Every structure is written in structure tokens, then in C-alpha cells.
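Asks: pasting the structure only:
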């Protein structure tokens, strides 16, 4: 069963949190290649899980997640000011490695297709 209100809130929060991270947070630990993949608000609107993708080293990833977790109160307050809702969800940041896994998979597929004999490539 789809919840249209929750879906609208997910998209609005994704847009606003992205803007807050890009323009308002001044923490030097936040990597420049940080993007929000998805926001998942619970049905009771109490919690919002924000899935973050960070392109960089493992050290940059841990520093960025730590910085975002420490600034979650500020992000929640800003969301409360920008989005008019009765309840402002508690923000939970989680690292999402799906983009890195996709890039790794693409490289593996490219490597396999390079090593295929020429006649096999023509048959496909």
C-alpha cells in the first residue's frame, strides 16, 4: 500500500537536505562528492533514514558520515523551518555503497568482454 503523503515528504526532504548539506553546513570533514541517494520516512513520520553516497577514500567516507551524524540536530531544525509539517522526523544518516558497487560491476563486465574472443562478440 503506497502512502502518497510519505512519498511527497521523502522527495521534499531529499531536496531540502541536499540543499542544507551543499550550502549551509560548513564542516570541513564533509567530502565534496557527497550526494543523497534516497530518504525513507517511516509511516508514523517519526524517523527519516537518509542514504548518503560518498565518492572518495574510506577515511573520507567515515569522516563525512561522522560529520553528518553530529550535525543531524541542525539538519532537523532546518527541515522543521523549511517544511511545514506537524512532526519533524529525526534524521538518521546511513552510508550507501550502491554507486561504488555499480562502478565495480561495470569494470568487471568491461574486463570480461575485452577478454572474449572476437567470434563470440560477433555472435551476440
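Replies: Happy to help now that I have it. On a predicted model such as this, the values are computed, not experimentally measured, just so you know.

Asks: Next, the buried residues of the helix ranked longest in the chain.
Replies: The longest helix of the chain (DSSP state H) is helix 98-115. Using 16 or more other CB atoms under 10 Å as the test for burial, helix 98-115 gives no buried residues. C-beta coordinates here come from the backbone N, C-alpha and C atoms, glycine included.

Asks: Is the residue lying closest to residue 99 once chain neighbours are set aside part of a helix or strand, or is it coil?
Replies: Of all residues not flanking residue 99 in the chain, residue 53 sits nearest, at 4.9 Å (CB to CB, 6 or more residues apart in numbering). On the three-state scheme (DSSP: H, G, I helix; E, B strand; the rest coil), residue 53 is labelled strand.

Asks: pretty sure residue 53 contacts residue 96?
Replies: Yes - counting by CB atoms under 8 Å, residue 53 does reach residue 96; the two are 5.1 Å apart.

Asks: intersection of neighbour lists for those two?
Replies: Contact with both residue 53 and residue 96 is made by residues residue 37, according to CB atoms under 8 Å, 6 or more residues apart in numbering.

Asks: hmm, back to that, the residue nearest to residue 99: neighbouring residues, count only.
Replies: Neighbourhood size, residue 53 [other CB atoms under 10 Å]: 17.
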